[in-house]
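>>> Here's my sequence, what's the structure:
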Amino acid sequence: MAVISRHRWRITITTVFILAALILSLVLAMATRATSHAAEQLTQISSDPYTNPDSNHKTQVEPDTFAFGNTIVATFQSGRFFDGGASNIGFATSTNGGETWKHGFLPSSTVNATPPGPYPRASDASVAFDAKHNVWMISWLGIKSPSGPVDVLVSRSTNGGLTFGPPVVVNASGDFNDKNWTVCDDTASSPFYGNCYTEFDDFTKLNLVQMSTSTNGGLTWGAAKTTPDHACVIGGQPLVQPNGTVIVPIDDCLETAILSFRSTDGGNTWSKTVLAAQLLNDGHPGAIRSPDLPSAEIDKSGRVYVVWTDCRFENFCNAGNNDLLLISSADGIHWTLPKRIPANPVGSGVDDLIPGLAVDRSTSGSSAHLGLVYYYFPTINCTFSTCKLNVGFVSSINGGATWSSAEQLAGPMNLRWLPLTTQGFMVADYLSTSIVPGDDDATPVFEVARPPDTPPSCSNLTTGAPGQDCHQATFTTPEDLVQIVGGTNPATGGSTPTNTHAKAQSLVRQTAY
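Next up, the predicted model:
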């Protein structure tokens, strides 16, 4: 295991001409965008060490994070394959609220792991903490072949997320399982304290929603259960209220609606799904891979917040770009109307995608602290050769009523620097931010790419063949949540438009791990 201390990216200016160009570019960016501190305070917390010739190196994609106490654990794919999965699952752990990080990779997982495991590839890592059993868990997919079967597994840590043990099977039905996510009940007064829940969908059965429960710190898992309506879904993120009720915001399998279902009896039974919001997405430029999956978090009171990208406020989905939208619910049944998060002005042409939401679980209601990382294109009028991808961040300290000005954390990145997959250039299907309870900083985790050693592209753009000298690694930076006291950027609401041209979806959306 290696230790990475916080370091700063520096830009070395060698000539007056380069300096002038940089100043000009920053002035132009700030004229259309909020404050930028890209390349100023980034901390690299991991990179891909693998060299197997059949996946892209050095690449990492799709981070998730979780914070409990002063510990933050991040997890991500490392060594992305063109047609699904990665060489292994990596992790990075901070025990001091994000000041310093230790990183490593899961053992006994894939054939590339140390020691090697049984799976050729791994994918879709998420992280959870079980306070009752003092166990950190990384939930992930073990891919036997790109066409399946795909197993659902968890790797456990009993030493604070510093190392992880061999995987435990959650589900090995022989089906193609996808988009897993794990959460634990960490409220000591809950009747189901110590229960952990893993959601996934069974693509072999038309993306049938599946829920499995563990009561012993992830050592064993119960048989998968579904909802009474046998919902067709993808991309759920379960959350547990203080009273033990589990709420699962999730996409329908067409990615046309945000649904929600729940359990009030510790995972013994699950309700049918209800409609939380219509989902209207106008697609994204540049052939980037970006499924419109929800990002969900919960506050101290048990209110659930969900963010996704949506076009309804951009000329009724006739402008071509997408905004960040927010809904919330106290019970998982009744949801607020969608509100637009003002990361950029309506009509700006900025396209937002792949949000990762955090909520401080020591705050609630009108005082809830929210942090949100996301990617964006400054303009939709671009191609894969000209699009510039950036990382943005906004925050709120009043439950999403008003928001800070947006900050540019990283970029611009050329899409050709990203690993190519069967569904486009990839940084992530989901992102993540965590807030150490009571802290005034958020910790977003995201992927940043720079030019490959052999330009112009990471992967072979004709054949999809992997590159071995890419540079896409995992980064973080502390983001202040206090700065927006008296913020004047209100969220805006409105009814769902009926005049739209949101992109049609296939019958069942396979996000292909």
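>>> what's Gly365 sitting at in phi/psi?
phi 60, psi -130 (degrees, to the nearest 10).
>>> what's near enough to touch it?
By C-beta atoms under 8 Å, 6 or more residues apart in numbering, Gly365 lies in contact with 299, 301, 303, 399. Yep, even glycine has a C-beta here, placed from its N, CA and C like the rest.
>>> Equivalent analysis for Phe192, please.
Taking C-beta under 8 Å, 6+ apart, one finds 185, 240, 244, 266-267 in contact with Phe192.
>>> Look at it and give its secondary structure.
coil (DSSP: H, G, I helix; E, B strand; the rest coil).
>>> And the strands in the stretch 151-300 of the chain?
Along the stretch 151-300 of the chain, counting by DSSP state E, counting those that start in this stretch, strands occupy 167-171, 177-184, 196-202, 208-214, 233-234, 239-240, 246-252, 257-263, 274-278, 295-298.
>>> Within its sheet, name the partner strands of whichever helix or strand comes after the last one and how each one runs.
Note on strand 295-298: by DSSP states H and E, the next helix or strand toward the C-terminus is strand 304-310. With DSSP bridges as the criterion, the sheet partners recorded for strand 304-310 are strand 295-298 (antiparallel), strand 323-329 (antiparallel).
>>> Now stretch 250-265: buried residues?
By 16 or more other C-beta atoms under 10 Å, the buried positions in stretch 250-265 come out as 250-264.
>>> Format the strands of the stretch 151-300 of the chain as JSON lines; extra columns: mean pLDDT and distance to Asp440.
Formatted as JSON lines, the strands of the stretch 151-300 of the chain follow (pLDDT from 0 to 100; distance: least, C-beta to C-beta, whole Å):
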{"stretch": "strand 167-171", "mean pLDDT": "98", "distance to Asp440": "36"}
{"stretch": "strand 177-184", "mean pLDDT": "98", "distance to Asp440": "25"}
{"stretch": "strand 196-202", "mean pLDDT": "98", "distance to Asp440": "30"}
{"stretch": "strand 208-214", "mean pLDDT": "98", "distance to Asp440": "34"}
{"stretch": "strand 233-234", "mean pLDDT": "98", "distance to Asp440": "35"}
{"stretch": "strand 239-240", "mean pLDDT": "98", "distance to Asp440": "23"}
{"stretch": "strand 246-252", "mean pLDDT": "98", "distance to Asp440": "27"}
{"stretch": "strand 257-263", "mean pLDDT": "98", "distance to Asp440": "30"}
{"stretch": "strand 274-278", "mean pLDDT": "98", "distance to Asp440": "30"}
{"stretch": "strand 295-298", "mean pLDDT": "98", "distance to Asp440": "17"}
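>>> and of those, who's closest to Tyr513?
Tyr513 lies closest, by C-beta to C-beta, to one member of the strands of the stretch 151-300 of the chain: strand 177-184, at 5.7 Å.
>>> angle of that closest one against strand 167-171?
Strand 177-184 runs at 110 degrees relative to strand 167-171, counting by axes from the mean of the first three to the mean of the last three C-alpha atoms, to 10 degrees.
>>> How far away from the center of its chain is strand 177-184?
Centre-to-centre, strand 177-184 and its host chain are 12 Å apart (C-alpha atoms, centre = their mean, to the nearest Å).
>>> again with stretch 149-163
Distance of stretch 149-163 from the chain centroid (C-alpha atoms, centre = their mean) equals 18 Å.
>>> ok, now stretch 284-301?
7 Å.
>>> And the next helix or strand past the host helix or strand of Val445?
Counting by DSSP H and E, the element that carries Val445 is strand 441-450. Downstream of strand 441-450, the next assigned helix or strand under DSSP H and E is strand 471-476.
>>> returning to what we had before: give me the sheet partners of the strand holding Val445 and which way each runs.
Sheet partners assigned to strand 441-450 using DSSP bridges are listed as strand 432-434 (antiparallel), strand 471-476 (antiparallel), strand 479-480 (antiparallel).
>>> got the contact list for the first one?
Among residues not part of strand 432-434, those counted as contacts by C-beta under 8 Å, 6+ apart are 63-67, 72, 74, 295, 356-358, 371-373, 393, 442-445, 479.
>>> again, 6 Å this time
Residues outside strand 432-434 that contact it (C-beta atoms under 6 Å, 6 or more residues apart in numbering) are 63-65, 67, 72, 356, 358, 371, 373, 442-445.
>>> Same check on stretch 137-153?
Contacts of stretch 137-153 (C-beta under 6 Å, 6+ apart): 75, 83-85, 89, 119, 121-128, 154-156, 167, 169-172, 174, 176-177, 180, 182, 198, 200, 218, 513.
>>> got the CA positions of it in CSV?
Presented in CSV, the C-alpha positions along stretch 137-153 are these (Å, rounded to 0.1, in the frame of the first residue of the first chain):
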residue,chain,number,x,y,z
MET,A,137,-17.4,-2.6,2.3
ILE,A,138,-16.6,-2.1,-1.4
SER,A,139,-19.4,-3.5,-3.5
TRP,A,140,-18.4,-4.5,-7.1
LEU,A,141,-19.1,-6.7,-10.1
GLY,A,142,-17.1,-9.7,-11.0
ILE,A,143,-17.2,-10.1,-14.8
LYS,A,144,-16.7,-13.7,-16.1
SER,A,145,-17.0,-12.5,-19.7
PRO,A,146,-18.2,-9.3,-21.4
SER,A,147,-21.5,-11.0,-22.2
GLY,A,148,-21.9,-12.4,-18.7
PRO,A,149,-22.4,-14.0,-16.3
VAL,A,150,-21.6,-11.1,-14.0
ASP,A,151,-21.6,-11.7,-10.2
VAL,A,152,-22.2,-9.2,-7.4
LEU,A,153,-19.6,-9.2,-4.6
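>>> just the buried residues of stretch 250-265 now: which is nearest Thr454?
Of all the buried residues of stretch 250-265, Thr454 sits closest to Glu255, with 35.5 Å by C-beta to C-beta.
>>> close enough to count as contact, the closest one and Asp292?
Yes: Glu255 lies in contact with Asp292 (C-beta atoms under 6 Å); the separation is 5.2 Å.
>>> okay, and for this structure, where does confidence drop off?
Along the chain, the parts satisfying pLDDT under 70 run over 1-40, 482-488, 493-512.
>>> all helices for the stretch 351-500 of the chain, in order.
Read by DSSP state H, counting those that start in this stretch, the stretch 351-500 of the chain holds no helices at all.
>>> quick one: the residue nearest to Gly85 when sequence neighbours are not counted and Ile89, what's the gap?
Distances taken as C-beta to C-beta, 6 or more residues apart in numbering place Arg121 nearest to Gly85, at 3.1 Å, with adjacent residues excluded. Plainly put, Arg121 is 10 Å away from Ile89 if you go by C-beta to C-beta, to the nearest Å.
>>> picking that back up, the residue nearest to Gly85 contacts Asp83, doesn't it?
No: look at Arg121 against Asp83 with C-beta under 6 Å: they stay out of range, at 9.4 Å.
>>> among the strands paired with strand 304-310, which is the most enclosed?
strand 295-298 (a mean of 26; mean count of other C-beta atoms under 10 Å).
>>> ok, of the buried residues of stretch 250-265, which one's closest to Ser109?
So of the buried residues of stretch 250-265, ranked by how close each gets to Ser109 (C-beta to C-beta), first place is Ile250, at 26.0 Å.
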